[in-house]
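Asks: Structure, please.
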Amino acid sequence: MLQKDRTTWQRILRVIIHVATWVAVACIPRLLSTNPPPFRLTNLLPTIELAGFFYLNYYVLIPRLFTRRKMATYFAIALLLLGVVYTPFLLHRLAFNRPERPPRPPNGVPHSRPPQGM
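Replies: Residues are numbered from 1 along each chain as shown. Next up, the predicted model:
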């Protein structure tokens, strides 16, 4: 009975440590930023995907592939999963984080420079 209680508490402690670690990982960008953006649930998406990749790697890929010496298959699947996870973020950043252009005037004619020397 005592052994069962010990293993149950060890599992609960392990879950608490994992949850606390992922909460800390999710909070690091906000804590280190001098001007943090407003909180949105979509800001948690990269952390959730990173946690999903970690646990898929730890509980599925490593026991089934890496420990059975199928290294090439393991690395190919891991790189493919990283590409699937991070490609949308890279495409979004390339598409929407462009430098801003100056606004066009209301009449549609671009601004002209004043003559030099006046």
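Asks: Tell me which residues are up against the helix or strand where residue 53 lies.
Replies: Per DSSP states H and E, residue 53 falls inside helix 45-56. Helix 45-56 is contacted from outside by 22, 25-26, 81-82, 85, 89, using C-beta atoms under 8 Å, 6 or more residues apart in numbering. Just so you know, the C-beta spots here come from the backbone N, C-alpha and C atoms, and that holds for glycine as well.
Asks: change it to 6 Å
Replies: With C-beta atoms under 6 Å, 6 or more residues apart in numbering as the test, helix 45-56 has contacts from 22, 25-26, 85.
Asks: With stretch 81-99 instead?
Replies: Contacts for stretch 81-99 (C-beta under 6 Å, 6+ apart): 49, 53.
Asks: any idea how far that stretch is from the chain center?
Replies: 11 Å (C-alpha atoms, centre = their mean, to the nearest Å).
Asks: how about the CA coordinates for it, as CSV?
Replies: What follows is stretch 81-99, C-alpha atoms only, in CSV (Å, rounded to 0.1, in the frame of the first residue of the first chain):
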residue,chain,number,x,y,z
LEU,A,81,7.4,17.3,-38.0
LEU,A,82,9.5,20.4,-37.2
GLY,A,83,8.9,21.6,-40.8
VAL,A,84,5.1,21.0,-40.5
VAL,A,85,5.0,22.8,-37.1
TYR,A,86,7.1,25.8,-38.0
THR,A,87,6.4,26.4,-41.7
PRO,A,88,3.1,28.2,-41.0
PHE,A,89,4.8,30.5,-38.5
LEU,A,90,7.6,31.4,-40.9
LEU,A,91,5.1,32.0,-43.8
HIS,A,92,3.0,34.2,-41.6
ARG,A,93,6.0,36.2,-40.5
LEU,A,94,7.2,36.6,-44.0
ALA,A,95,3.7,37.7,-45.2
PHE,A,96,2.7,40.0,-42.5
ASN,A,97,5.9,41.5,-40.9
ARG,A,98,6.9,43.7,-43.8
PRO,A,99,8.2,47.2,-43.2
